[in-house]
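> Only the shape, not the letters, is given here:
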């Protein structure tokens, strides 16, 4: 058994795999502590992982000594000299005694993507805020055949960009500038962008786009935020600033992919920036096929570290890898609540590994009502401009959205809706939706719910958003679900 761990920056996680490459467990520390994006491991997470087997080796998601050199460079002396945060000391605090191997931060991102992907060879692009020093890296990845067993996963780094020049830090700095929480609310900035106009002059004066045709160079170090003078006197509101940030990010990512990945190649895209589903849709058209593991950020690198220690292709069956609440999927109860009240929660079985609710920790609603979006936003205590996602039967997706034959089981891209007036609750201001397709080989009970809903209503989809109390992580267990019910007066079926 190999236990992969990531911790210390944000969104700590743990992944356990066995000698056959089966992912037995993968979970987020935040779901157990109740602290959103919790950077620290906790005993409850580790104990849940170890219920599936005793680890004989621990794989750590970064080279912490190399990271400390960058922290010294950036003036983070206290972090750099805090040796209570070494992998060995963290592991021992949680009574883990197996030997530990550390791997590079960006290679862990790359492995989490490539070794769960359907590809035998691919280009891998990793874009995040900061690794040890790398902020962007490009890899060639393939399996080297062996006489016996699976081929060995091989990686060759083709190029990298180093701190402080970072697309991820740039996007987080804009997130902070408009009054949101950096390293957490970037998805809100992405939603805001649809309401603004992208006047890029203020960005172009401060951001050098691809000097010498490859490198991104920022004139300022944005690790501590954006200088107020960037937008002084521009007349731009927060929505225009968000729109500009989104457009610049899309341009940089498109340039990056065009430079390193040809139209006939497969692409694995990883790192926290791979959660930008609007940008992902633009990238998809530039490559043969695209794979993004459903947890591409640092928590997902716990899986990447374990994958590197294992060394071969993993047996990826889907993202339902977290805490197991047990029980059968309550299809009929959910249908009854949807028909009566139009909105219902569901918390059952294995939790999703990743930030997107995909049917087992979800708040579901009928997408057709004109008032549904406002009702769900009121329950979630969210800004009214925030969009909601639909889950739709895969075979009906092209009829409702401009999918062009794509499948999107993990909500990783956006598509324009052909019938926005019919489904107002799931269409954003720009006419798009972050679609979750549900195929016959995806979660069978979520599929059954949609099939029965379609028979009853002639509507092949439901609104699907995460089941969480505002400011907290997604519901993890029945106690969390009971608190949600009590707080918001919405039934949660288990």
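Cool, the structure landed. It should be emphasised that the depicted structure is a prediction, and the values quoted were computed from it without experimental measurement. Numbers count the residues shown, from 1 in each chain.

> how much distance is there from the longest helix along the chain to the middle of the chain?
Secondary structure of the chain per DSSP state H: the longest helix is helix 238-260. Relative to the mean C-alpha coordinate of its chain, helix 238-260 is positioned 18 Å out (C-alpha atoms, centre = their mean, to the nearest Å).

> Check which helices and strands it is in contact with.
Applying 3 or more C-beta pairs under 8 Å, 6 or more residues apart in numbering; DSSP states H and E, we find helix 238-260 packed against strand 121-127, strand 134-144, helix 167-177, helix 186-192, helix 201-204, strand 207-211, helix 277-284. Any C-beta I mention is one placed from the backbone N, CA and C, and that applies to glycine too.

> Format those as CSV; extra columns: distance to residue 218 and mean pLDDT.
Listed next are the helices and strands packed on helix 238-260 as CSV, based on distance: least, C-beta to C-beta, whole Å; pLDDT from 0 to 100:
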stretch, distance to residue 218, mean pLDDT
strand 121-127, 14, 97
strand 134-144, 10, 96
helix 167-177, 7, 93
helix 186-192, 17, 93
helix 201-204, 10, 65
strand 207-211, 6, 53
helix 277-284, 18, 94
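
> how about these in TSV, adding distance to residue 108?
Listed next are the helices and strands packed on helix 238-260 as TSV, based on distance: least, C-beta to C-beta, whole Å:
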stretch	distance to residue 108
strand 121-127	9
strand 134-144	11
helix 167-177	16
helix 186-192	21
helix 201-204	31
strand 207-211	26
helix 277-284	20
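
> what angle do the longest helix of the chain and helix 277-284 make?
Counting by axes from the mean of the first three to the mean of the last three C-alpha atoms, to 10 degrees, helix 238-260 lies at 30 degrees to helix 277-284.

> Same question for helix 238-260: list its buried residues.
238-253, 256-257, 260 (16 or more other C-beta atoms under 10 Å).

> hmm, who's touching stretch 412-423?
274, 277-278, 280-281, 284, 292, 294, 367-368, 390, 399-403, 406, 408, 426-428, 431-435, 461 (C-beta atoms under 8 Å, 6 or more residues apart in numbering).

> hmm, which of those residues are the buried ones?
274, 277-278, 280-281, 284, 292, 294, 367-368, 390, 400-401, 403, 406, 408, 426-428, 432-435, 461.

> Out of these, which sit inside strands?
Among those, the ones falling in strands (DSSP state E) are 390, 432, 433, 434, 461.

> check contacts around the last one.
Residues near residue 461 by C-beta under 8 Å, 6+ apart: 367, 390, 391, 392, 393, 396, 400, 423, 426, 450.

> Residues in a beta bridge with it, which ones?
Taking DSSP bridges as the rule, residue 461 bridges to residue 392.

> how close does it sit to residue 337?
Applying C-beta to C-beta, to the nearest Å, the value for residue 461 to residue 337 is 17 Å.

> next one: the second one
In this structure, residue 432 lies at 28 Å from residue 337, with C-beta to C-beta as the measure.

> what does residue 56 give?
45 Å.

> Likewise for residue 378?
Residue 378 is 17 Å from residue 337, by C-beta to C-beta.

> neighbour count winner among those two?
A count of neighbours by other C-beta atoms under 10 Å puts residue 337 above the other of residue 378 and residue 337, at 20 against 12.

> So the more buried one: helix, strand or coil?
helix (DSSP: H, G, I helix; E, B strand; the rest coil).

> what does the model give it for pLDDT?
On the pLDDT scale, residue 337 is placed at 96.

> That one: what's its closest spatial neighbour, skipping adjacent residues?
residue 344 (3.7 Å; C-beta to C-beta, 6 or more residues apart in numbering).

> Confirm the one you found sits in a strand?
Yes. Counting by three-state DSSP, residue 344 is part of a strand.

> beta partners for it?
residue 364.

> these two touch, right, it and residue 489?
No. Using C-beta atoms under 8 Å, residue 344 is not in contact with residue 489, being 11.8 Å away.

> Same drill for the two, tell me which one is more crowded.
Legend: neighbour count by other C-beta under 10 Å for residue 344 and residue 489, higher for residue 344 (25 against 9).

> Could you give the number of residues near the nearest residue to residue 172 once chain neighbours are set aside?
Closest residue to residue 172 apart from its sequence neighbours, by C-beta to C-beta, 6+ apart: residue 182 at 4.1 Å. A count of nearby residues for residue 182, using other C-beta under 10 Å, gives 18.

> Now do the same contact list for residue 182.
So residue 182 contacts 172, 173, 175, 176, 225 (C-beta under 8 Å, 6+ apart).

> Could you confirm it falls within a strand?
No. Using three-state DSSP, the assignment for residue 182 is coil, not a strand.

> now it: how far from residue 295?
20 Å.

> and what of residue 434?
16 Å.

> One more: residue 278?
For residue 278 relative to residue 295 (C-beta to C-beta), the value is 19 Å.

> again, but for residue 225
Distance from residue 225 to residue 295, by C-beta to C-beta: 27 Å.

> Looking at the two, which one has more neighbours?
Higher neighbour count among residue 225 and residue 295: residue 295, with 30 against 16, using other C-beta under 10 Å.

> got any ranges where the chain has weak pLDDT?
Residues of the chain meeting the criterion pLDDT under 70: 147-149, 201-215.

> is it fair to say residue 92 lies in a helix?
Yes. Residue 92: assigned to a helix according to three-state DSSP.

> Just give me the neighbour total for it.
12.

> how far away is it from residue 441?
Counting by C-beta to C-beta - residue 92 and residue 441 are separated by 41 Å.

> quick one, what contacts residue 139?
107, 110, 114, 123, 124, 125, 126, 155, 156, 157, 158.

> and the first one, what element?
Counting by DSSP states H and E, the element that carries residue 107 is helix 105-114.

> and for that helix, what are the contacting residues?
With C-beta under 8 Å, 6+ apart, helix 105-114 has contacts from 6, 61-63, 67, 103, 122, 124, 126, 128, 131-132, 134, 137, 139, 141, 153, 155, 157, 160, 268-271, 291-293, 295-296, 300-301, 303-305, 307-308.
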